[in-house]
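In: Task: produce atomic coordinates for the following.
(4 chains)
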2 protein chains.
Amino acid sequence: MATRRHDPDRRNRIIEKTLEVIAENGVAGTTHRKVARRADVPLGSMTYHFADLDELLREALTLHAMRIAERHDARLSAAATLDELIEAIVDFIHVDVDGSPHELVLTLELYTLAARQPAFRAITHAWMQQSRRALERFVDAETAFDVDAIIEGLYIHASLDQLTRTRDSTARAIRRLLG
Amino acid sequence: MATRRHDPDRRNRIIEKTLEVIAENGVAGTTHRKVARRADVPLGSMTYHFADLDELLREALTLHAMRIAERHDARLSAAATLDELIEAIVDFIHVDVDGSPHELVLTLELYTLAARQPAFRAITHAWMQQSRRALERFVDAETAFDVDAIIEGLYIHASLDQLTRTRDSTARAIRRLLG
DNA sequence: CCACCATGTGTACGATCGTACATTAAGGCC
DNA sequence: GGCCTTAATGTACGATCGTACACATGGTGG
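Out: Numbering: from 1, shown residues only, chains lettered A, B, ... in the order given. Below is the predicted model of the structure:
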């Protein structure tokens, strides 16, 4: 029998690999066995570290949400003027759409779970709240909600439709929305 | 053995019931057996009418998309002035959010599939195209894209976050976006 | 150095699924 | 009215899954 690996952050690696499996196979196609294989971990290690599959999915998608939220925060923090704010928002949409197609899949999988299960809705709720709060450094709460919404809509529509939209037209929409 | 039922639009009823099953259990929890039970149809009838589960899902979600698209078209067609256009758009968001929570689930399930499978992306593509085209009766193509996007974003964020947003604040956002 | 206990692992079980396919019922045609 | 084509159905098979759980293992306190 293979000697047991001393493997301190095995738990984190499992979570990490879970995101890859979700991105490739969807939540529906994510199984203990697939994740275990990819993380190079015995099957029994799954139920040892996570009570059940749902807990694993929750932890993985929480990590996903927090990562994106923090990246957005970082972009906004760097902005000082209103023009830089607009530039940062345009980056949300265009850089992320072109950069990592995996993120769209993960985000939509999360939303889908959130629509039916409160435990996952808590994740999206915290995410959106953090996102709006970051925008509220620049604009009032109502406008922050609008801007956050159009970021979401543009991101989804541009990704799913694979239309080439110019940064300029996105910037125009944001500028209009800022009032 | 039960006599065979003469059942002319059994196929349509199956599709209809499939939408209910998806709404309740998600695509992942939608099985031949669950749909068959709900449509009061033998299991064998599933593979007789549909080549496989994917075909069933595609037909069901196509129906869902076309229904919403037509409802939106009808609302827009009734609008003559710009104010009525805005009112119609606000109805998209507020009436639909409050009215039928099932639709959010179905829509997000569709988007999730679309993010990974071209066959489902074709459904969302046709839907979005029809939606934009309806808006282009009132505004230029670029603005139509923006408005369509913010409808999407407001719909998702308002639904998932269950925030009570006033029709007025939504109307304000749309008015700003129209330029 | 040894015994014990927390940590980690392999396997097996019961459930569920998609789908194939042999079988049955129905109704038109002679 | 009987036959035969076609529409419809019931069942069974192989695969896969989540999870439980008995067992192995290695570090550690005595």
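In: Can you name the next helix or strand after the helix or strand harbouring residue A:15?
Out: Assessed by DSSP states H and E, residue A:15 sits inside helix A:10-25. Counting by DSSP H and E, the next helix or strand C-terminal to helix A:10-25 is helix A:32-39.
In: Do the helix or strand just after that next one and DNA strand C come into contact?
Out: Once the chain leaves helix A:32-39, the next helix or strand it forms, by DSSP H and E, is helix A:44-49. Yes: Helix A:44-49 is in contact with DNA strand C by CB under 7 Å from any atom of the strand, via A:44-45, A:47-48. C-beta here means a position set from N, CA and C on the backbone, and glycine is covered the same way.
In: Any chance of TSV for the residues you listed, columns neighbour count?
Out: Below are the residues of helix A:44-49 next to DNA strand C laid out as TSV (neighbours: other CB atoms under 10 Å in any protein chain shown):
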residue	neighbour count
A:44	10
A:45	18
A:47	13
A:48	12
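In: List just the nearest of these to residue B:166.
Out: residue A:47 (47.6 Å; CB to CB).
In: Residue A:35 is in contact with that closest one, correct?
Out: No: Residue A:47 is beyond contact range of residue A:35, at 11.6 Å (criterion: CB atoms under 8 Å).
In: Give me the contacts around the helix holding residue A:15.
Out: Outside of helix A:10-25, the residues within contact range by CB atoms under 8 Å, 6 or more residues apart in numbering or on different chains are A:7, A:29-30, A:34-35, A:38-39, A:41, A:45-46, A:49-50, A:56-57, A:59-61, A:63-64, A:102, A:105-106, A:109.
In: ok, now with 7 Å
Out: Contacts of helix A:10-25 with the rest of the structure, by CB atoms under 7 Å, 6 or more residues apart in numbering or on different chains, involve A:30, A:34-35, A:38-39, A:41, A:45, A:49, A:56, A:59-60, A:63-64, A:102, A:105-106, A:109.
In: wait, residue A:89 sits on residue A:151?
Out: Yes: counting by CB atoms under 7 Å, residue A:89 touches residue A:151, with 6.3 Å between them.
In: touching chain B at all, the strand or helix carrying residue A:170?
Out: Secondary structure assigned from DSSP H and E places residue A:170 in helix A:167-177. Yes: under the criterion of CB under 7 Å from any CB of the partner chain, chain B is reached by helix A:167-177 at A:169, A:173, A:176-177.
In: and residue A:41, backbone torsions?
Out: When read as degrees, to the nearest 10, the backbone of residue A:41 gives phi -140, psi 140.
In: what's the pLDDT at it?
Out: Looking at residue A:41, its pLDDT stands at 94.
In: which residues touch it?
Out: A:10, A:14.
In: For it, give its distance to chain B.
Out: Separation of residue A:41 from chain B (CB to the nearest CB, to the nearest Å): 24 Å.
In: Now do the same for the longest helix along chain A: mean pLDDT, whole number.
Out: As assigned by DSSP state H, the longest helix anywhere in chain A is helix A:53-77. In this model, helix A:53-77 has an average pLDDT of 96.
In: in the next helix or strand after that helix, what counts as buried?
Out: Downstream of helix A:53-77, the first helix or strand assigned by DSSP H and E is helix A:82-99. For helix A:82-99, burial by neighbour count (16 or more other CB atoms under 10 Å in any protein chain shown) applies to A:85-94, A:96-97.
In: Leaving out sequence neighbours, find the closest residue to residue A:50.
Out: Nearest non-adjacent residue to residue A:50, counting by CB to CB, 6 or more residues apart in numbering or on different chains: residue A:56, 4.4 Å away.
In: That neighbour and residue A:16: what is the separation?
Out: 12 Å (CB to CB, to the nearest Å).
In: And those two? Which one has more around it.
Out: Legend: neighbour count by other CB atoms under 10 Å in any protein chain shown for residue A:56 and residue A:16, higher for residue A:56 (21 against 15).
In: and the closest residue to residue A:78 other than its chain neighbours, what does it touch?
Out: Distances taken as CB to CB, 6+ apart put residue A:88 closest to residue A:78, at 6.9 Å, once the chain neighbours are dropped. For residue A:88, the contacting residues are A:75-76, A:78-79, by CB under 7 Å, 6+ apart.
In: Now do residue A:88 against DNA strand C, distance only.
Out: Separation of residue A:88 from DNA strand C (CB to the nearest atom of the strand, to the nearest Å) stands at 42 Å.
In: center of chain A, which residue is that?
Out: The residue lying closest to the centre of chain A (CA atoms, centre = their mean) is residue A:65, at 3.9 Å.
In: mind listing what that residue touches?
Out: Residues in contact with residue A:65 (CB under 7 Å, 6+ apart) are A:110, A:123, A:127.
In: any idea how far DNA strand C is from the first one?
Out: Spatial separation of residue A:110 from DNA strand C under the definition CB to the nearest atom of the strand is 23 Å.
In: how many degrees apart are the one helix or strand in chain A whose mean pLDDT sits lowest and helix A:167-177 in direction?
Out: Ranking every helix and strand in chain A by mean pLDDT, DSSP states H and E puts helix A:82-99 at the bottom, with a mean of 91. Relative orientation of helix A:82-99 versus helix A:167-177 (axes from the mean of the first three to the mean of the last three CA atoms, to 10 degrees): 130 degrees.
In: and helix A:82-99, how far from the chain's centre?
Out: Relative to the chain's own centre, helix A:82-99 is displaced by 16 Å; criterion: CA atoms, centre = their mean, to the nearest Å.
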